[in-house]
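1. Kindly return the folded structure for what I paste below:
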Amino acid sequence: MTGGGPALYPLRLSVTAKPLVFGGHAISQRLGKTGIPDWSIAETWECSDVDGEGARVTNGPLVGRSLRRLVSEYPEELMGAGWIGDYFPVLTKFIDAAGTLPVHLHADDETAQRVEGQRNGKTEAWHILAAAPGATALCGVKDGISHEQLRAALRDQDFDAVLRRLPVIAGQTIYVPGGTPHSFGPGTLIYEIEQTSDIQQHAMHWSMEDGSPVSDEQFDTNIDLLMQEVRLDHRPDFEPGLKIAVDDGVQRVFLCAGPYFALERWQVGTARPARHTFATAQILTNVGAPVRVRAGDFDEELASAQSLLLPAICEQVEIVGPAEVLFGYLPDLERDVDTPLREAGYSQALIASLGAGRPEPHEWRQV
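-> Numbering: from 1, shown residues only. A predicted model of the protein is given here:
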């Protein structure tokens, strides 16, 4: 271990609230999140190391320290043994699609580096927390659609002619590889986990920030860039997750898992607390009523819709039920995902379905 100064402990992080045009009030009113502005909010960034939008510690001896600095000063204590990297690799958000998100995509790694000069792209996943009856999402290009057909339909804003529209159901999760055009809303509340990036290309005649018109010249440029980055072969679907009974009244659900992140939902009753052992940093997010969280000397309440970053050095956390919590992390896929699911009796094909077949290689380091 390499860190100096105060020992790491469960970290509360500053949250960035985004008042984008499609937002509403569900994050505060439905999830019960406090400490955010009263106006319409589309997104809260729960754990972010995006350039210019990075979180800072708000509790304990490291208060005010940036997440980027912690990665530099405590690489293995924070991320896990063998970690090499310059930034925290996972971004998590609540998103309130009270309105409809713009049709857009995020480049994959290779395209982001080649076309936009970025260090990485943005594969993401959406876990549906709530959805209005009849809610849908656009995700992926229909089979047999050519580049020319896609470009023409995007210019005409005829999205249903070329994109797949899927029903959205609370509790399900979809893994969205970089290069996949998508949108969701209205009436959809999600938890999103993704690569650390804000890279995106839009296909709309209006701005996501305030709904103002996009000029014809800018619109043409946006479509050109999107078409350079789109992948026609990505057609992901919503999945219910793979469940493991951990203890009396304690259930662990693997929602998605791939080379860039994994996401689990733990449901905890009152008979036994949940005890989760881990070897890599965990973003713990409460999606239920306030819960008690214990990790080493840390013993505090985690309020509704609040998050903690649990450094790898903590090794174990205890959650006192009743509780509904999420754990997001960068996995060692064999150790953290494949082995426990195989031991629970799941086939490798089912395990692979959690991450769209896991097409990208992964090493325990950033490139």
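
2. The residue lying closest to residue 110 once chain neighbours are set aside: neighbouring residues, count only.
-> Distances taken as C-beta to C-beta, 6 or more residues apart in numbering place residue 121 nearest to residue 110, at 7.7 Å, with adjacent residues excluded. Where you see a C-beta, it was placed from the backbone N, CA and C, and this is true even at glycine. For residue 121, the neighbour count with other C-beta atoms under 10 Å is 28.

3. go on, residue 335?
-> For residue 335, the number of neighbouring residues by other C-beta under 10 Å comes to 11.

4. give me the number of residues near the closest residue to it other than its chain neighbours?
-> Distances taken as C-beta to C-beta, 6+ apart put residue 279 closest to residue 335, at 7.1 Å, once the chain neighbours are dropped. Neighbouring residues of residue 279 were enumerated by other C-beta under 10 Å; the total is 16.

5. per-residue confidence at residue 279?
-> Note on residue 279: pLDDT of 98.

6. what's the answer for residue 367, then?
-> At residue 367, the pLDDT recorded in the model is 39.

7. ditto for residue 210
-> 88.

8. Quick one: residues contacting it.
-> Under the criterion of C-beta atoms under 8 Å, 6 or more residues apart in numbering, the contact list for residue 210 reads residue 21.

9. any idea how far residue 105 is from it?
-> Taking C-beta to C-beta, to the nearest Å as the measure, residue 210 and residue 105 are separated by 21 Å.

10. what's the answer for residue 74, then?
-> From residue 74 across to residue 105, the span is 34 Å (C-beta to C-beta).

11. Unless I misread the structure, residue 342 falls within a strand.
-> No: under the criterion used here (DSSP: H, G, I helix; E, B strand; the rest coil), residue 342 is helix, not part of a strand.

12. surely it meets residue 352?
-> No: applying C-beta atoms under 8 Å, one finds residue 342 not in contact with residue 352, separated by 11.6 Å.

13. shared neighbours, those two?
-> Applying C-beta under 8 Å, 6+ apart, one finds that no residue jointly contacts residue 342 and residue 352.

14. In terms of neighbours, single out the busier of the two.
-> Counting neighbours by other C-beta under 10 Å for residue 342 and for residue 352 shows that residue 352 has the greater number, 16 against 13.

15. secondary structure class for the more buried one?
-> Here residue 352 takes the helix state, with states given by three-state DSSP.

16. do residue 70 as well
-> Judged by three-state DSSP, the three-state class of residue 70 is helix.

17. any idea how far the residue lying closest to it once chain neighbours are set aside is from residue 115?
-> For residue 70, ignoring the flanking residues on the chain, the nearest one in space by C-beta to C-beta, 6+ apart is residue 78 at 5.6 Å. Residue 78 is 31 Å from residue 115, where distance means C-beta to C-beta.

18. picking that back up, host element of the residue nearest to residue 70?
-> Under DSSP states H and E, the secondary-structure element containing residue 78 is helix 75-79.

19. Give the rounded mean pLDDT of the very next helix or strand once past that helix.
-> Sequence-wise, the next helix or strand beyond helix 75-79 is strand 90-97, with elements assigned using DSSP H and E. Strand 90-97 comes out with an average pLDDT of 98.

20. what does stretch 216-234 give?
-> Along stretch 216-234, the predicted confidence averages to a pLDDT of 96.

21. chain center to it, what's the gap?
-> Taking the mean of its C-alpha atoms, stretch 216-234 sits 23 Å from the chain's own mean (C-alpha atoms, centre = their mean, to the nearest Å).

22. With stretch 36-44 instead?
-> Chain-centre distance of stretch 36-44: 18 Å, with C-alpha atoms, centre = their mean.

23. quick thing: my sequence starts at 11, can you match it?
-> Renumbered: residue one is now 11, and that last one reads stretch 46-54.

24. For it, list every residue counted as buried.
-> For stretch 46-54, the buried set under the neighbour-count rule, 16 or more other C-beta atoms under 10 Å, comprises 46, 51, 52, 53, 54.

25. Now the terminal residues of that stretch, how far apart.
-> 8 Å (C-alpha to C-alpha, to the nearest Å).

26. repeat for stretch 95-106
-> Using C-alpha to C-alpha, the gap from the first to the last residue of stretch 95-106 comes to 31 Å.

27. Strands along the stretch 261-377 of the chain, start to end?
-> With DSSP state E, counting those that start in this stretch, the ranges of strands along the stretch 261-377 of the chain come out as 272-278, 284-287, 292-296, 301-305, 308-312, 317-320, 326-330, 333-339.
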